[in-house]
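>>> The sequence and its predicted three-dimensional model are supplied below.
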Amino acid sequence: MNKHGLLEYFYPLIICIILFSFINSCKSGTEKLPPSDSDNGGLILPGGFEALVVVDSIGGGSVVALQISQLAKSNAPQAAPVEIKGAPKSTQLGRPNNQPIGTYVGARHIAVNKNGDVYVKLRSPTTDGFGNAALRDVNGDGKADTVKIWGKYENRNRGTAMQIHNGYLYFSSELMVFRNKLKVGQLVPDSKMDTVVIDTLPYHEHMAKALAFDGKGNMFVSWGMGTNSCQVENRKPGSPGMNPCPYLLDHGGIWMFDEDKLQQKQSDGTRYATGMRSIVGMTWDKSTESLYAVHHGRDDLRLLWPEYYSPWKATMLPSDELFKVTKGFDGGFPYYYYDQMLGKKIMSPEYGGDGKKEGDGAKLPKPLMGFPGHFAPNDILFYKGDQFPARYKEGAFVSLHGSTNRIPYPQVGNVVVFVPMKNGVVTGPWEVFADGFARKDTLVVANDANYRPMGLAEGPDGSLYVGETQKGKIWRIMYKGDKKSFGTKELAELEKRKTLSHLKTPDEMADNLDRKGKPAHAELLYNIYCRNCHQGDGNGDGSRFPPLAGSEWVNSDKTVLINVVLNGMTGAIQVKGQNYNDTMPSHASFLTDKEISQILTYVRRSFGNKSGPVSEKEVAEVRKMMSSK
């Protein structure tokens, strides 16, 4: 056969191969995705989206409550243990129904490697000091067959970040930013753990260190402010704000560092932005070459300033904000907050505001998006993959961890939402993307939610991974529908969910849960002064505010308990084996001895506690000792 004949023979075959390759390249790729769970792992998603549970829970072993022998507490950090190579294998057996025995430690931020390995920053370290988890799917069904707990370092319960960047795995505790070099095919890194950034003592509120990288050698680190609103006396009703706020010198903003330099102190970095109380979620978007952050607004407007704020206004305000952060950006905190209902920056009551005055608020930049108060946005992700419909490349996913202090109205959030954007400008209201985490609608207290979403990560195939803090459950969300037909109908179904109590704006009268029955006087006092933090069931929120139920602090020495209420408390403590570090305000100046005795007697006889009463005389004696010192 001559050359011409060979071409005639192979030409149709070549055309078929080209067409076959073209058709395959046009396919959605859904045939390569693992099967979804029949119930989508309990999630409610737009049409065409499906989900599976990667791991049902990440366990860290039994927690044994420590004996509290005295009120004094040390702020000195424990020496960091020597990093070990490898890691112990978790008791997790690799299937969602095989849960480990012991306390669940939860998941903060998560990262997914190019080969699909999932890395998790644990909400709390295990009892033997490990702070990270690594997950691997061996057989391709999407489920984690191997779960390893690893990484010993300075770590309490506010560690946050977990990111993969330039071949390194970066993660953070309250005080430090660390990294390990990743090796191809290795699940748990055995490389030396580098310390990249070092913060200083003391421990305080809002210590989450979120991370972002601009791809130009710079690493951004959030630096929260250890105060609610920079009052002279933190969280004390009527206490004015310090002016200027001294914490803004080295807190309440974002610092920029060299990503490859080790052992950097804050002074080695550059203050990139200021005026932000607490940032847990932050990212760099390559499309707009900009930094974005989600900001938690302050708490307790009603408790601290009842003359200006009704329970309803304190439920709705202040807004939690989505910022586009440029160098020199000022979010306005603590002098101003954003009122999403008015669309204005309002002067804080600590600085002369009354809930209406703008002052110089109009001179400050408005957020890209103002979420209703206390929704708690904890992570943000700009989607870059091709698996999802194209519209999800124009905007950002935001995880709303859920409120703790909307009492007496239902708690809200516990969803993943999508904020549509075009070239860094928001083009419409936020949309519900993934719901069903809470597993119920009306949430009286935060812990009524079964799961509280937090970490977001994109997998190498464009799947969206979502982790949560209650038990460390992780979902993988995939799109298996027709991308061309995705649109209004699919979005409308999720939009209806905004009418449910865990997402809607509450009616001031009808949705007030306290109107369903008048509590006894002692319970009423507890609800006014204690419930926002310790919750209506006395179980705290498992992260910021400690439980009263079964607490060794509540059920042991009454003198210690009275002292805590009178004097307040600042610094790290342990309750039932869990670390906590938020400020407990002093109540001595605005609660009488009788009121304190009633509250403490109520607490010691409620929430499963069966301890004896606290008398008015006992409170008076402790107050007298306090004043004589």
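Looks like it arrived, so ask away.
>>> Show the average pLDDT along stretch 116-125.
The average pLDDT within stretch 116-125 is 93.
>>> What pLDDT does the model give the residue nearest the centre of the chain?
Centroid-nearest residue in the chain, with CA atoms, centre = their mean: Asn378, separated by 3.8 Å. Looking at Asn378, its pLDDT is 98.
>>> Quick check: phi and psi at it.
The phi and psi torsions at Asn378 (degrees, to the nearest 10) take the values phi -120, psi -10.
>>> That one contacts His401, correct?
Yes: shown here, Asn378 and His401 form a contact pair, counting by CB atoms under 8 Å, at 4.3 Å. For glycine as for every other residue, the C-beta is placed from the backbone atoms N, C-alpha and C.
>>> what is in contact with those two at once?
Shared contacts of Asn378 and His401 (CB atoms under 8 Å, 6 or more residues apart in numbering): Val280, Pro453, Met454.
>>> Show me the residues you listed that map onto strands.
If you go by DSSP state E, the shared contacts of Asn378 and His401 have Val280, Pro453, Met454 in strands.
>>> ok, the second one touching Phe397?
No: counting by CB under 8 Å, Pro453 sits too far from Phe397 to count as a contact (10.3 Å).
>>> which residues touch Lys324?
Lys324 is in contact with Thr288, Ser290, Leu291, Tyr292, Leu368, Gly424, counting by CB under 8 Å, 6+ apart.
>>> how many other residues sit next to Tyr529?
Counted with other CB atoms under 10 Å, residues neighbouring Tyr529 total 20.
>>> Likewise for Lys594?
Lys594 has 13 nearby residues by other CB under 10 Å.
>>> what does the one 10 residues further on give?
A count of nearby residues for Arg604, using other CB under 10 Å, gives 20.
>>> Which helix or which strand is home to the residue lying closest to it once chain neighbours are set aside?
The spatially closest residue to Arg604, leaving aside those adjacent along the chain, is Ser611, at 4.0 Å (CB to CB, 6 or more residues apart in numbering). Using DSSP states H and E, Ser611 maps to neither a helix nor a strand.
>>> How about the contacts made by Ser611?
When contacts are counted by CB under 8 Å, 6+ apart, Ser611 touches Val554, Asn555, Arg604, Arg605.
>>> ok, the residue nearest to the centre of the chain to Val466 distance?
Here the criterion is CB to CB, to the nearest Å. By it, Asn378 lies 11 Å from Val466.
>>> do Pro453 as well
From Pro453 across to Val466, the span is 5 Å (CB to CB).
>>> shared neighbours, those two?
With CB under 8 Å, 6+ apart as the test, Pro453 and Val466 both reach Ser399, Val416, Ala434.
>>> Show me which residues of stretch 485-494 are buried.
The neighbour-count check on stretch 485-494 (16 or more other CB atoms under 10 Å) flags Phe486, Glu490, Leu491, Leu494 as buried.
>>> ok, now which ones touch the residue nearest to Ser191 when sequence neighbours are not counted?
Of all residues not flanking Ser191 in the chain, Lys181 sits nearest, at 4.0 Å (CB to CB, 6+ apart). Lys181 is in contact with Gly167, Tyr168, Leu169, Pro189, Ser191, Lys192, counting by CB under 8 Å, 6+ apart.
>>> Where do the helices of this protein begin and end?
Secondary structure of the chain (DSSP state H): helices at 3-26, 301-304, 311-316, 488-495, 521-529, 531-534, 552-555, 558-567, 593-604, 616-628.
>>> Against which helices or strands is the fourth one packed?
If I follow you right, that is helix 488-495. strand 431-434 (3 or more CB pairs under 8 Å, 6 or more residues apart in numbering; DSSP states H and E).
>>> Check the average confidence over the strand it packs on, would you?
pLDDT averaged over strand 431-434 gives 98.
>>> burial of Ala134, as a residue count?
By other CB under 10 Å, 23 other residues sit near Ala134.
>>> hmm, back to that, okay if I get the shared contacts of Asn378 and His401 as JSON lines plus distance to Leu52 and pLDDT?
Shown next, in JSON lines, are those (distance: CB to CB, whole Å; pLDDT from 0 to 100):
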{"residue": "Val280", "distance to Leu52": "26", "pLDDT": "97"}
{"residue": "Pro453", "distance to Leu52": "16", "pLDDT": "98"}
{"residue": "Met454", "distance to Leu52": "19", "pLDDT": "97"}
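>>> Among the residues you listed, find me the one that's closest to Asn563.
Closest to Asn563 out of these is Val280 (31.9 Å), distances taken as CB to CB.
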